Structure formats: C-alpha cells, structure tokens
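**Student:** got a predicted structure plus its sequence, pasted below:
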Amino acid sequence: ARAHTHTHFADLGARPLLTTALSTGIISAVGDVGSQVFVERGEYEAGRTLRYSGLGLLLTGPTLHLWYAVLNRRFPGVAPARVLARVALDQALFAPAFTAAFLSVLLAVEGRSADEWRAYMRESYAESVCVNWVLWIPAQLINFRFTPPAYTVLFANFVAVFWNSYLSWSAHRHEEPPHSE
C-alpha cells in the first residue's frame with residue numbers, strides 16, 4: 001500500500017490530470033458499489049458501476065481538476081477570506097451547475113428518456129443540491145484551508161465516496177429492483 005501511495009503522489013506531480021481522472025473513476029465506482037451493496041441492498045448491477053466509474057474518469061475528475069486550478073489561481077492561499085471565497089464560488093456557482101450536468105449525463109448514459117430526466121430534476125434536483133451543501137460546505141472549508149492545492153481533488157475524492165453513494169442512490173431510488181429469474 002505504501003509503494004502504491006508513493007507512486008500515486010509521484011504520478012500526481014508528473015501527470016496530474018490523468019492521475020486525478022483515474023483516481024476519481026475508481027472512487028466513483030467505490031461510491032456506486034457502496035450504494036448498491038450497503039444502502040440499496042438489492043441485486044448488484046456491474047454495468048451501473050462501470051457507467052458511474054466512466055463518468056468519474058471522463059467528466060468529474062477532469063472537471064474538478066480544472067475547476068480547482070481556477071479557484072486556486074484566482075484566490076490563492078489559506079487566508080480565511082480566500083478560503084471562504086473559494087468555498088462560496090464552489091458551492092454557489094459550481095456545485096448546482098455541476099450537479100445538474102452530472103445527473104443529466106448519468107441519466108442519458110443510462111438511456112433514460114427526456115420525460116424521466118424532467119421528472120427526476122423536478123423531484124430530486126433541489127434535494128440533491130441541499131444535501132450537497134450539507135456535506136460539501138464543511139468538507140471544502142477543510143479542504144481549501146488545510147490541503148495543498150495539488151491534493152484538493154484527492155481530498156474531495158475521499159469525501160466523494162459518501163457523496164457518490166448518495167447520488168447513485170438518489171438517481172436510482174424510484175426504480176423497480178431487478179428481479180432474478
């Protein structure tokens with residue numbers, strides 16, 4: 001484990017976008033597995049985990065990498081006003097928009113119809129954003145104050161195990177459980 005951690009940190013310095021994307025893909029998969037196995041307790045669907053992981057790899061990881069870089073360039077340092085500015089922008093602007101984008105892509109990748117998307121957004125989007133704020137405002141205060149900029153996405157990925165479990169559950173809670181034949 002120690003050699004893997006050292007390699008991860010070396011890769012993060014050499015190939016930060018790729019390393020962040022891969023880490024996020026893995027952690028997104030862990031969140032979905034956690035949701036399916038420990039929260040929903042239904043039949044495990046590997047395809048769903050692969051879709052979720054793919055979104056982490058291709059959408060969430062790269063987007064967070066770039067977004068956090070913008071925040072750190074615009075408001076560098078750990079002075080309270082700078083940390084609060086990063087958290088405020090992250091949670092007031094980025095989080096609601098990215099939550100909508102992520103859920104839209106997830107539902108599209110899962111083959112949901114436009115009517116299903118509208119119903120989900122109408123019934124669950126506001127709740128998802130509110131749950132986001134409960135989890136992410138304190139997490140980002142800690143992250144932006146105490147985590148070096150190169151590791152802010154990594155810190156967020158660990159918090160995201162819980163967030164991804166919630167999002168996965170939220171996006172699938174109204175589905176009929178799969179039936180075994």
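**Tutor:** Alright, I've got the coordinates. Predicted, not measured: the structure shown is a model, and the values here were computed from it.
**Student:** contacts and neighbour counts: CA atoms only from here.
**Tutor:** OK.
**Student:** how close does the residue nearest the centre of the chain sit to Trp117?
**Tutor:** For the chain, Ala160 is the residue whose C-alpha lies nearest the centre (CA atoms, centre = their mean; 5.1 Å). Using CA to CA, to the nearest Å, one obtains 23 Å as the distance from Ala160 to Trp117.
**Student:** next: Val161.
**Tutor:** 24 Å.
**Student:** cool, and Phe98?
**Tutor:** 15 Å.
**Student:** where does the chain have its least confident helix or strand?
**Tutor:** One helix or strand of the chain scores below all others by mean pLDDT, DSSP states H and E: helix 2-14, with a mean of 51.
**Student:** buried residues in whatever helix or strand comes next after that helix?
**Tutor:** Heading C-terminal from helix 2-14, the first helix or strand you meet, by DSSP states H and E, is helix 16-34. Residues of helix 16-34 classed as buried by neighbour count (16 or more other CA atoms under 10 Å): 16-34.
**Student:** repeat for stretch 61-79
**Tutor:** Gly61, Pro62, Thr63, Leu64, His65, Tyr68, Ala69, Leu71, Asn72, Phe75.
**Student:** in helices, which of the residues you listed fall?
**Tutor:** Counted as lying in helices by DSSP state H, out of those, are Gly61, Pro62, Thr63, Leu64, His65, Tyr68, Ala69, Leu71, Asn72.
**Student:** leaving out sequence neighbours, find the closest residue to the first one.
**Tutor:** For Gly61, the nearest residue in space outside its immediate sequence neighbours is Ala21; the separation is 4.2 Å by CA to CA, 6 or more residues apart in numbering.
**Student:** pick out whichever of Val161 and Trp117 has more residues nearby.
**Tutor:** Val161 (21 against 18; other CA atoms under 10 Å).
**Student:** isn't the more buried one right next to Gly25, touching?
**Tutor:** No. At 10.9 Å, Val161 and Gly25 do not qualify as touching, with contact defined as CA atoms under 8 Å.
**Student:** can I assume Gly42 is in contact with Ser35?
**Tutor:** No. Look at Gly42 against Ser35 with CA under 8 Å: they stay out of range, at 9.7 Å.
**Student:** those two: which is more packed in?
**Tutor:** Higher neighbour count among Gly42 and Ser35: Ser35, with 26 against 13, using other CA under 10 Å.
**Student:** doesn't Ser168 make contact with that one?
**Tutor:** Yes. Between Ser35 and Ser168 there is a contact under CA under 8 Å: 6.4 Å.
**Student:** how far does the strand or helix carrying Asn164 sit from the chain's center?
**Tutor:** Using DSSP H and E, Asn164 maps to helix 152-172. The chain centre lies 5 Å from the centre of helix 152-172; the measure is CA atoms, centre = their mean, to the nearest Å.
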